[in-house]
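**Student:** Only the shape, not the letters, is given here:
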């Protein structure tokens, strides 16, 4: 009798397990959102994203010619969105309040898993007071903001930017020269 009860309990447990598996299977088969969620849980999904970064150790170079300075900004956009994507961008020179004093807009089409490095020349009057470079991918969250004092210090230490190229237009925040920017 004990063997019969034990066998009955085992059979009942096995039947309950089979019924549970059939119910789960039916739910998955009928409900597409459950099937999708299980697929997301067990099948690796690609991460779609975009990278925006300065292309070199010298992201900003300044050339002065008469009353105009040309600020060359070099940046890279890498597309990992899964499809070819068009990236409209804006490169702006901003004053201390963050207001653009000069800007250039453009766009680039980048195939999936590819990157493009762009050098953008922003012309600004020598008399304009600007303190930062902003690179922004329009309608996206990716943005670069580099203060003029930070890149000047960085570039002066690497020896790749002559502070005198924009003589008299900015304060010397490095402490290396006088307030006209002359060293």
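**Tutor:** It's in. Everything numeric in this text was worked out from a predicted model, so none of it was measured.

**Student:** Just the strands from the protein, written as ranges.
**Tutor:** Using DSSP state E, the strands of the chain run over 49-54, 60-65, 68-80, 85-94, 100-110, 114-125, 132-137, 143-147.

**Student:** how far out from the middle of the chain is the second one?
**Tutor:** The gap between the average C-alpha position of strand 60-65 and the chain average comes to 26 Å, counting by Cα atoms, centre = their mean, to the nearest Å.

**Student:** Give me the sheet partners of it and which way each runs.
**Tutor:** strand 68-80 (antiparallel) (DSSP bridges).

**Student:** rank the strands of the chain by mean pLDDT and give me the bottom one.
**Tutor:** Note on the strands of the chain: strand 60-65 shows the lowest mean pLDDT, a mean of 85.

**Student:** The residue nearest to residue 145 when sequence neighbours are not counted and residue 120: what is the separation?
**Tutor:** Leaving aside its sequence neighbours, residue 145 sits nearest to residue 134 (Cβ to Cβ, 6 or more residues apart in numbering; 5.3 Å). For every residue, glycine as well, the C-beta is placed using N, CA and C. Shown here: residue 134 relative to residue 120, a distance of 12 Å by Cβ to Cβ, to the nearest Å.

**Student:** shared neighbours of those two, which are they?
**Tutor:** Residues touching both residue 134 and residue 120 (Cβ atoms under 8 Å, 6 or more residues apart in numbering) are residue 91.

**Student:** thinking again about what came up before, tell me how many other residues surround the residue nearest to residue 145.
**Tutor:** Using other Cβ atoms under 10 Å, residue 134 has 17 neighbouring residues.

**Student:** cool, and residue 3?
**Tutor:** Neighbour tally, residue 3, other Cβ under 10 Å: 7.

**Student:** tell me what the longest helix anywhere in the chain is packed against?
**Tutor:** Taking DSSP state H as the criterion, the chain has its longest helix at helix 2-30. Using 3 or more Cβ pairs under 8 Å, 6 or more residues apart in numbering; DSSP states H and E, the elements in contact with helix 2-30 are helix 32-42.
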